[in-house]
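# let's see this in three dimensions:
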Amino acid sequence: MTVSSPRTPPLPAPTTIDSSMLEGLVGYNARRAYLVILDIFFKRMAVHDLRTVDFSILSLITHNPGITSRQLATALSLLPPNVVGMVSALEKRGLIERHPHPVDGRAVGLHLTPAGEALVTGAESTVEQLEIEATSSLTTTERKTLIRLLQKIYRT
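So this is what the prediction gives:
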């Protein structure tokens, strides 16, 4: 013999959402802010045909001519085999070229081509502008503080 319990009627859907627990989490807030900036990034960088990782690699090569793939992997917290593929793709696009490393005969230094230099100049300008727009509700001091605080998390 089965005893059935009386069914409890479902609760009505809330009229307001309590997200206070989530909003008290650094990771949640960092991710929400990142998604806003990422959406703008994809829209603005489409003209350059660059993903975030492509932009990061090209920017590092721009500011560190001769950097190696291994150094890129370390700087961006990526696996070296993944970086090799990304570098090859950028090389095929004619944006970077490889030159023998002046000190380590086994390594290859990465350098921008003239086409790569032109692309990065425009892309970095685009990113700087979109960051200003995406953080327009912050003062310059607040923006710098936010960057410094986020760096304290991932540089430890």
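# quick one: the strands in this structure?
Using DSSP state E, the strands of the chain run over residues 96-100, 108-112.
# mean neighbour count, the ones you listed: which tops it?
A comparison of those by mean neighbour count, using mean count of other Cβ atoms under 10 Å, puts strand 108-112 on top with a mean of 20. Heads up, the C-betas are built off the backbone N, CA and C, glycines and all.
# so where's this structure uncertain?
1-5 (pLDDT under 70).
# gap between the spatially most central residue of it and Arg155?
Nearest residue to the geometric centre of the chain (Cα atoms, centre = their mean): Thr52, 5.0 Å. Distance, Thr52 to Arg155, using Cβ to Cβ, to the nearest Å: 19 Å.
# check Leu25 too.
In terms of Cβ to Cβ, Leu25 sits 20 Å off from Arg155.
# and those two? which has more neighbours close in?
Between Leu25 and Arg155, Leu25 has the larger neighbour count (other Cβ atoms under 10 Å), namely 10 against 6.
# list the contacts for the more buried one?
Counting by Cβ atoms under 8 Å, 6 or more residues apart in numbering, Leu25 touches no other residue.
# please enumerate the helices of the chain.
20-23, 26-45, 52-63, 69-76, 80-92, 114-134, 140-154 (DSSP state H).
# switch the strands of the chain over to CSV; also include distance to Leu60.
Formatted as CSV, these follow (distance: least, Cβ to Cβ, whole Å):
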stretch, distance to Leu60
strand 96-100, 11
strand 108-112, 9
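# Ser137 is nearest to which of the ones you listed?
Shortest distance between Ser137 and those, using Cβ to Cβ, is found for strand 108-112: 34.5 Å.
# which residues touch the closest one?
Strand 108-112 is contacted from outside by 58, 61-62, 65-69, 72, 87, 95-102, 120, using Cβ under 8 Å, 6+ apart.
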